[in-house]
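Enquirer: Here is my input, please return the structure:
(2 chains)
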Protein chains: 2
Amino acid sequence: MARGSRVIMKCDKCGGVAVIGMPQHRLNLCETHFVAWMREIVARTIHRHRMFAPDARLLVAVSGGKDSLTLWEILNHLGYETEGLYIHLGIDSDGYSDQSQRKAEGFAAANGLRLTVVNVAEVYGCGIPEITWTGRGQRVCGACGLVKRHIMNQAAYEGRFDAIATGHNMDDEAAVLLQNLLHWQQGYLRRQDAVLPASHPRLARKVKPLCRTYERESAAYALVRGIDFVEAECPYAVDASTIRYKLLLNQLERESPGTKYQFYQGFLAAKAEGLFSEAPEGDSADWSTCSECGQPTLGGDLCSFCRLWRRVRHEDA
Amino acid sequence: MARGSRVIMKCDKCGGVAVIGMPQHRLNLCETHFVAWMREIVARTIHRHRMFAPDARLLVAVSGGKDSLTLWEILNHLGYETEGLYIHLGIDSDGYSDQSQRKAEGFAAANGLRLTVVNVAEVYGCGIPEITWTGRGQRVCGACGLVKRHIMNQAAYEGRFDAIATGHNMDDEAAVLLQNLLHWQQGYLRRQDAVLPASHPRLARKVKPLCRTYERESAAYALVRGIDFVEAECPYAVDASTIRYKLLLNQLERESPGTKYQFYQGFLAAKAEGLFSEAPEGDSADWSTCSECGQPTLGGDLCSFCRLWRRVRHEDA
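Expert: Residues are numbered from 1 along each chain as shown, chains lettered A, B, ... in the order given. This is a model prediction of the structure:
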């Protein structure tokens, strides 16, 4: 974005003033052409990974941040039928969850889109930070992921959506990939992809239409399109190891633009050719139905979400 | 090694003063127990990877640095029949190649071991730096690798050795692994292992008995055993990308000891289970014999080593 630089970058399409340079593509673009480029890349990503059909009904998981709101804007612009889902996690620090909800609601209202809000504390009794106070060693991000997945699956099932679209960008995906490779988590490597197919009729298909663009591109898109998003990161994520891996990949990216892109794209290409495809024995799903919530589970009578809440309530009692 | 620290580490085996702490193993050892531990790890690595039989004749590729001399010392101590091979690359900077040769010769003499020296400039007409002045864009490290591989294969064949042992440590291997993964070099990932089997009767089997120990452990071993090694890195390697990846892995290692170990060991384990094992079509070797040197080649009449020298001589003419 030429900040701090005296050289004015020119748009490679029209020669106008560029608002963003993307060294990994050797591409500088003006506002108009950047917006068109982002939409084109997202459309191509949806197409290439056969994410969903043109008439699909999509539930967009919105956090109020730049990625999910940019995603929602683009999907809406591309003509898809979308609704938003905001999950209020009860994170109080500087009013993080309240603020994020206002951004999500503001965007929905401004664009005439429908947003469903699920407030974890109101529905289940306490917010994410309280769950982790149960002293059972349950880590914040692990519990949060579990709660969000459950609520998203529930909302997608009840609303009969064809897929849940999340705002994961390439920085997120590359960081998780590096983490999975450093620890050779073959189960995670098998599942990591642009599309997570529905493994059960009651569990939603999940898609990541922003997985081929960088975080700074979602941010630039949101700024250019005047999308009002919450800038703060989740206070619990600050120390997360994925952030460490993001910084490290950005360090490599600065030294050699395109590293992150090659790394993630190369992984997807290798997967498409069959790498990590073999499922180990016992990986074929043996589903049962949770006696409390009715969602499918692989772990006996109660699903892990309901077990989590039972523990929380038990500790409270 | 407790440098700069006031806490005296104790040896976990005998309670004596530890000379090294290895956080990735939660192990602190005194001089005696560290030396025994290193030898034990190398013996186990040779055994686990079925590197060679107890009566094997081994050609140890020695650079005069800590890793290769430590390796030679340990193999010799373990009772293997070894000879050294020093390749003088004609690198002048601060007398790098001359100095390295003196260290290799000094070690051989002190231990009553036989060392063969091949001086590239004397045998072929010029040293590695001159090769790269041909203006053909041949990178120094690429040309150097090619020359060393050829000379090692030739020496192993002529001397009827069972294997060539190189001093690659886990830092080297993990850095190359990271590089291969960042670029998804599947051919390299398929071949990267503790053992590179002989792909042709005239090409030697290559083994890396130090691949399960860290660079700092070879260094500590050399210091403790009074091995006089050349401390300088090759001046051409300073900017090599593998050094960048080493620094990066060491950064992760500091934050989370054992990262490097897990990363490389996990890779070997995944490979042993069949990951990256599938060879693409056209990978089955179609060997011919180089009309100049007689070594097998996959690339027509001349092998790439002889093509390199022909280019160099042609440019000189």
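Enquirer: Tell me which residues touch A:Gln185, please.
Expert: A:Gln179 (C-beta atoms under 8 Å, 6 or more residues apart in numbering or on different chains). From N, CA and C alone the C-beta is placed, and that goes for glycine too.
Enquirer: Distance check, it against A:Arg102.
Expert: 37 Å (C-beta to C-beta, to the nearest Å).
Enquirer: now swap in A:Glu253 and tell me
Expert: Distance from A:Glu253 to A:Arg102, counting by C-beta to C-beta: 33 Å.
Enquirer: give me the low-pLDDT residue ranges for the stretch 1-150 of chain A?
Expert: Within the stretch 1-150 of chain A, the stretches with pLDDT under 70 are A:1-6, A:132-138.
Enquirer: ok, now with 90
Expert: Residue ranges of the stretch 1-150 of chain A with pLDDT under 90: A:1-8, A:92-94, A:125-126, A:128-143.
Enquirer: and the residue in it that chain B sits nearest to, backbone torsions?
Expert: Here the stretch 1-150 of chain A gets closest to chain B at one residue, A:Gln24, 13.3 Å apart by C-beta to the nearest C-beta. The phi/psi pair for A:Gln24 (degrees, to the nearest 10) reads phi -70, psi -20.
Enquirer: ok, now A:Leu27?
Expert: The phi and psi values for A:Leu27, taken as degrees, to the nearest 10, are phi -140, psi 120.
Enquirer: which ones are touching it?
Expert: A:Asp12, A:Gly21, A:Trp37.
Enquirer: is it fair to say the second one lies in a helix?
Expert: No: if the criterion is DSSP: H, G, I helix; E, B strand; the rest coil, then A:Gly21 is strand and not within a helix.
Enquirer: on that earlier part again, neighbour count winner among A:Glu253 and A:Arg102?
Expert: Each of A:Glu253 and A:Arg102 has its neighbours counted (other C-beta atoms under 10 Å in any protein chain shown); A:Glu253 has more, 20 against 15.
Enquirer: ok, the more buried one touching A:Thr259?
Expert: Yes: with contact defined as C-beta atoms under 8 Å, A:Glu253 reaches A:Thr259; the gap is 5.1 Å.
Enquirer: most surrounded residue in the contacts of A:Leu27?
Expert: Busiest of the contacts of A:Leu27 [other C-beta under 10 Å] is A:Trp37, holding 19 neighbours.
Enquirer: For the residue of the stretch 101-250 of chain A found nearest chain B, give me its contacts.
Expert: In the stretch 101-250 of chain A, the residue found nearest to chain B is A:Trp184; the distance is 3.2 Å by C-beta to the nearest C-beta. Applying C-beta under 8 Å, 6+ apart, we find A:Trp184 in contact with B:Gln262, B:Phe263, B:Gly266, B:Phe267, B:Ala269, B:Ala270.
Enquirer: So which of those residues reach chain A?
Expert: With the criterion set as C-beta under 8 Å from any C-beta of the partner chain, the members of these near chain A are B:Gln262, B:Phe263, B:Gly266, B:Phe267, B:Ala269, B:Ala270.
Enquirer: May I ask you to name the longest strand in chain A?
Expert: Criterion DSSP state E: the longest strand present in chain A is strand A:81-88.
Enquirer: so how far is the helix or strand harbouring A:Ala175 off the chain centroid?
Expert: Counting by DSSP states H and E, the element that carries A:Ala175 is helix A:170-182. Distance, stretch centre to chain centre, for helix A:170-182: 13 Å (C-alpha atoms, centre = their mean, to the nearest Å).
Enquirer: Enumerate the positions of the helix or strand just after that helix that are buried.
Expert: Counting by DSSP H and E, the next helix or strand C-terminal to helix A:170-182 is helix A:186-191. Neighbour counts using 16 or more other C-beta atoms under 10 Å in any protein chain shown place A:Gln186, A:Leu189, A:Arg190 of helix A:186-191 among the buried residues.
Enquirer: got the residues you listed as JSON lines, with pLDDT and distance to chain B columns?
Expert: Converted to JSON lines, the buried residues of helix A:186-191 look like this (pLDDT from 0 to 100; distance: C-beta to the nearest C-beta, whole Å):
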{"residue": "A:Gln186", "pLDDT": "92", "distance to chain B": "6"}
{"residue": "A:Leu189", "pLDDT": "95", "distance to chain B": "9"}
{"residue": "A:Arg190", "pLDDT": "94", "distance to chain B": "11"}
